[in-house]
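Q: My questions are about this predicted structure, shown below with the sequence.
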Amino acid sequence: MQSSSTASTQPGFSLLRPCERVGAGTLHFLSRAGRMGLFLFRIIGVSLTPPLKFSRLLQRIHFVGFQSIVVVLLTGMFTGMVLSLQGFYALSRFGSDAFLGPLVALSLVRELGPVIAALMVAGRAGSAIAAEIGIMRNGQQLDALELMGLDPFRYVVVPNFLAAMISLPILACLFDVVGIWGGYVVGVKLLGVSGGTYMGEIATYLEMKDILGGIYKAISFGGIIAWVCCYKGYYTDFGAEGVSRATTQAVVMSSVLILVWDYFMTSLLF
């Protein structure tokens, strides 16, 4: 006993403590990342095998997509208005205010539409998904499904995953349309830009690859939101504090992953 206590107080042993903490943290991170990866592979595998619960899927599309329309429309309109206002003063310095329409449209379609719509859905629907599955875990409803021979992934996780991937492109398109209209109101009605020039230049410079790139981004963002939020709810700790922590982590992690993945998607698509 004396030799072990003496060894623990030696300088060399104490210097290894930070390395031990770093190693333990690294192993913990890799374990969590591996479990998240396996969770995603299982979602994809179950999604590709019948049967698919269409009634549950439609219910989740209504929850994730339809109930998010109002917040997406509001943020889209004011985002387009701010873009038009700031873009007009920037372009007018160079005598290029005729390109206000393409500036607003390309910014929304390629970048801001998918990203901001995804962040709004992550905050509104993603948090609710994580909390709902976490409460089901605490109430042992997921365990009850397994005892009845039913796969919780097929009834709980997969409908949320598919609903998010279906709803996000539609919401992003609505965001883009409303944002372009908001930019038109500010640019044409308030700042005096020609309406024909605003719309005509959009048709000239906005290409199909820009629209498809935004749709591809929105689909991937929907998958990220459902993946992270379902994972956090599925593996939540017990108690109200565990559900609260899982909900917060789900929103933060999905938002960060959306921004990180957006960079890689942009570098690949454009």
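A: Ah, there it is.

Q: Let me know the next secondary structure element after the helix or strand where I166 lies.
A: Assigned by DSSP states H and E, I166 belongs to helix 158-184. Past helix 158-184, further along toward the C-terminus, the next helix or strand under DSSP H and E is helix 195-205.

Q: Looking at the helix or strand following that next one now, give me its mean pLDDT.
A: Following helix 195-205 in sequence order, the next helix or strand is helix 208-234 (DSSP H and E). For helix 208-234, the mean per-residue pLDDT is 94.

Q: Give me the helices and strands touching helix 208-234, please.
A: Using 3 or more Cβ pairs under 8 Å, 6 or more residues apart in numbering; DSSP states H and E as the contact criterion, the secondary-structure elements in contact with helix 208-234 are helix 11-47, helix 113-121, helix 127-138, helix 158-184, helix 240-269. C-beta here means a position set from N, CA and C on the backbone, and glycine is covered the same way.

Q: And stretch 112-129, how far out from the chain middle?
A: Between the mean C-alpha location of stretch 112-129 and the chain-wide mean there is a distance of 6 Å, by Cα atoms, centre = their mean, to the nearest Å.

Q: Quick one: mean pLDDT over it.
A: For stretch 112-129, the per-residue pLDDT values average out at 94.

Q: Find the nearest non-adjacent residue to D176, please.
A: Closest residue to D176 apart from its sequence neighbours, by Cβ to Cβ, 6 or more residues apart in numbering: G113 at 4.3 Å.

Q: A172 is in contact with that neighbour, correct?
A: Yes - under the criterion of Cβ atoms under 8 Å, G113 makes contact with A172 at 4.8 Å.

Q: Need the contact partners of stretch 184-199.
A: With contacts defined as Cβ atoms under 8 Å, 6 or more residues apart in numbering, stretch 184-199 is touched by 80-81, 84-85, 88, 97-98, 100-101, 104, 183.

Q: PyMOL command to pick out the buried ones of those?
A: Isolation of the buried members of the contacts of stretch 184-199 (16 or more other Cβ atoms under 10 Å) is achieved in PyMOL through the command below:
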select buried, resi 80+81+84+85+88+97+100+101+104+183
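
Q: For G139, state which of the contacts of stretch 184-199 is nearest.
A: Proximity of the contacts of stretch 184-199 to G139 was ranked by Cβ to Cβ; the top entry is G80 with 43.2 Å.

Q: Tell me the spacing between that closest one and Y184.
A: 8 Å (Cβ to Cβ, to the nearest Å).

Q: swap in K217?
A: Summarising the geometry, the distance separating K217 from Y184, computed by Cβ to Cβ, is 24 Å.

Q: Between the two, which is the more surrounded one?
A: When K217 is set against Y184 and neighbours are counted by other Cβ atoms under 10 Å, the residue ahead is K217, at 26 against 21.

Q: Surely that one and Y263 touch.
A: No - taking contact to mean Cβ under 8 Å, the distance of 10.9 Å between K217 and Y263 leaves them out of contact.
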